[in-house]
Structure formats: C-alpha cells, structure tokens
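Colleague: got a structure for you, letters missing:
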C-alpha cells in the first residue's frame, strides 16, 4: 500500500519519477485482444477514453525494468505472469515519463483482478484519508477499441504488437 498525503517530499519524489515498466498482455480469440487497466482513485473516476493503460509502474535504478514490469503486473492485477515475452520500443508520455514494455500472450479473468491500494488525502487538505485501489477495473479490448481507451502515447505499444503479430501470421 502507498500513502499520498497532500504535499509531502515522498509524494513529490514519486511524481517526479521518470521511468515505468509494464506488460502488454494479449490473447487471440476471433481477433487480437489486449488487457488494459483503469486507474483507481478520484482523479480518474469519471474518465474513460484515453485513461486506460497497460499494467505498469515505476521502478528505481536498483531494479531491472523487466523484473519491475512483472512485479507491477502482479501488484495491479493479482496475477503472476509468464510466457515468451517480446520487448517493445519504449514510449515517452506527455509528462516525460518513459515506459518500457513487454508483450506476452496469455489469458486471465479481467473481472477477477485484485489490485494493491493506496491512501490519499481526499479532498486535498481535508485530513480525510481514503483508501483506493491502484487499478479499479480491467478489461479485454480489441486493438481498435483499445486505441480509443488507452493513453494516447501508449497506443504505440498496440501498433507495435499488431506489426509483430502480422509478421508471424
């Protein structure tokens, strides 16, 4: 569990972190589908298009990005991940954070995810601390729908996955 409290130095350091790692889980049913997660908490509660993400999270210099990606996947979904991982090109989000990602084929019940939680002072300055899931839901989307749902910079991961899969078809 993480705690965010208004204006602490720890919170500032966390928001200034510039590197994340994640997993793009995909499955092929009738067509390719990807698993995306929706961030929990009050900031994204009413946001949908452009708010979804691959399961990902920050890591420090002491942790290898691939290890962090698997750890974050477990923390955000409750599921261990294994398989033949394919490294994808990193993307830089608007805020400057660089995300490294790996694609892997697999399947899980999106309705059964169990995310870690964080505590947030909400509303800010109220001294009212509430606990929220880091991820409030997950879902499988076709690549077309996923492009509408995912953070616009992360759409590059979808494009790259589609290109990789078309080369192996």
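Modeller: Cool, the structure landed. On a predicted model such as this, the values are computed, not experimentally measured, just so you know.
Colleague: C-alpha only now, for contacts and for neighbours.
Modeller: Noted.
Colleague: Could you list the residues in contact with the longest strand along the chain?
Modeller: The single longest strand within the chain, with elements called by DSSP state E, is strand 19-28. Under the contact criterion CA atoms under 8 Å, 6 or more residues apart in numbering, strand 19-28 has outside partners 32-36, 54-60, 65-66, 68-70, 72-73, 97-107, 157.
Colleague: Just the buried ones among these, please.
Modeller: Listed as buried from the contacts of strand 19-28 are 32-36, 54-59, 65-66, 68-70, 72-73, 97-106, 157; burial here means 16 or more other CA atoms under 10 Å.
Colleague: how far away is residue 25 from residue 71?
Modeller: Distance, residue 25 to residue 71, by CA to CA, to the nearest Å: 14 Å.
Colleague: what about the chain, any weak spots by pLDDT?
Modeller: Along the chain, the parts satisfying pLDDT under 70 run over 1-17.
Colleague: So which residues of it form helices?
Modeller: In the chain, the segments counted as helices under DSSP state H are 9-16, 65-77, 143-149, 155-167.
Colleague: separation between the most centrally placed residue in the chain and residue 37?
Modeller: The centroid of the chain falls nearest to residue 55 when counting by CA atoms, centre = their mean (2.7 Å). The gap separating residue 55 from residue 37 is 6 Å, by CA to CA.
Colleague: Likewise for residue 133?
Modeller: 11 Å.
Colleague: which one of the two has more residues nearby?
Modeller: Neighbours per residue, other CA atoms under 10 Å: of residue 133 and residue 37, the larger number sits with residue 37, 24 against 17.
Colleague: Verify the contact between that one and residue 141 for me.
Modeller: No - with contacts counted by CA atoms under 8 Å, residue 37 stays clear of residue 141, the gap being 10.5 Å.
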